[in-house]
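Enquirer: Requesting a structural model of the entry that follows:
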Amino acid sequence: QVQLVESGGGLVQAGGSLRLSCAASGSISSINDMGWYRQAPGKQRELVAVITSGGSTNYADSVKGRFTISRDNAKNTVYLQMNSLKPEDTAVYYCNARIRQLLLPHPQDYWGQGTQVTVSS
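Expert: Residues are numbered from 1 along each chain as shown. Model (predicted):
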């Protein structure tokens with residue numbers, strides 16, 4: 001089995017910063033893309049940022065220049081540094097990873113449990 005465990009959410013004032021972490025554990029053979037999504041109340045889940053195993057990144061236009069995604073492959077962990085936070089960044093943030101388990105031929109998508117980020121104005 002594979003688990004993704006997130007940490008780092010919370011309440012912050014507009015203009016502040018938060019850092020989210022997501023650690024993958026279990027019977028992991030390899031991890032491909034890792035990313036962060038978010039879902040605000042009444043809205044669909046949307047991609048925030050994604051990073052490949054080689055370190056290439058892609059961001060939603062709404063967070064470019066403010067958020068930075070990174071990963072530590074030795075720790076099977078992905079991070080999201082969020083700066084200059086705005087009230088519209090308020091959402092539940094979910095970690096996602098495409099992971100191939102030991103002894104299985106194909107990778108699958110796994111999700112974390114979500115962590116609440118609230119930005120007050």
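
Enquirer: so what's the residue nearest the centre of the chain closest to, chain neighbours aside?
Expert: Central residue of the chain (C-alpha atoms, centre = their mean): Trp36, 2.7 Å from the mean position. Excluding the flanking residues, the one nearest Trp36 by C-beta to C-beta, 6 or more residues apart in numbering is Val48, at 4.4 Å. Placement of C-beta: from N, CA and C, glycine included.

Enquirer: I figured the one you found hits Thr68, correct?
Expert: No - Val48 is beyond contact range of Thr68, at 11.1 Å (criterion: C-beta atoms under 8 Å).

Enquirer: Those two - which one has more neighbours?
Expert: Counted by other C-beta atoms under 10 Å, Val48 and Thr68 do not tie: Val48 has more neighbours, with 24 against 16.

Enquirer: residue contacts, that one?
Expert: Gly35, Trp36, Tyr37, Arg38, Tyr59, Ala60, Val63, Phe67, Ile69, Leu80, Tyr93 (C-beta atoms under 8 Å, 6 or more residues apart in numbering).

Enquirer: Check which helices and strands the host helix or strand of Leu20 sits against.
Expert: Here Leu20 sits within strand 18-26, counting by DSSP states H and E. Other helices and strands packing on strand 18-26, by 3 or more C-beta pairs under 8 Å, 6 or more residues apart in numbering; DSSP states H and E, are strand 2-7, strand 28-39, strand 77-82, strand 91-101, strand 115-120.

Enquirer: what's near enough to touch the residue lying farthest from the centre of the chain?
Expert: In the chain, counting by C-alpha atoms, centre = their mean, Leu103 sits farthest out from the average C-alpha position, at 26.1 Å. With contact taken as C-beta under 8 Å, 6+ apart, Leu103 is in contact with Ser27, Ser29.

Enquirer: tell me the SS of it?
Expert: coil (DSSP: H, G, I helix; E, B strand; the rest coil).

Enquirer: got a list of what Ile94 touches?
Expert: Not quite, residue 94 is Tyr, not Ile. Glu6, Trp36, Tyr37, Arg38, Gln39, Arg45, Trp111, Gly112, Gly114.

Enquirer: State the distance from the nearest residue to the fourth one once chain neighbours are set aside to Asn32.
Expert: To tie it back to what came earlier, the one meant is Arg38. Closest residue to Arg38 apart from its sequence neighbours, by C-beta to C-beta, 6+ apart: Ala91 at 3.8 Å. Using C-beta to C-beta, to the nearest Å, we find Ala91 at a distance of 24 Å from Asn32.
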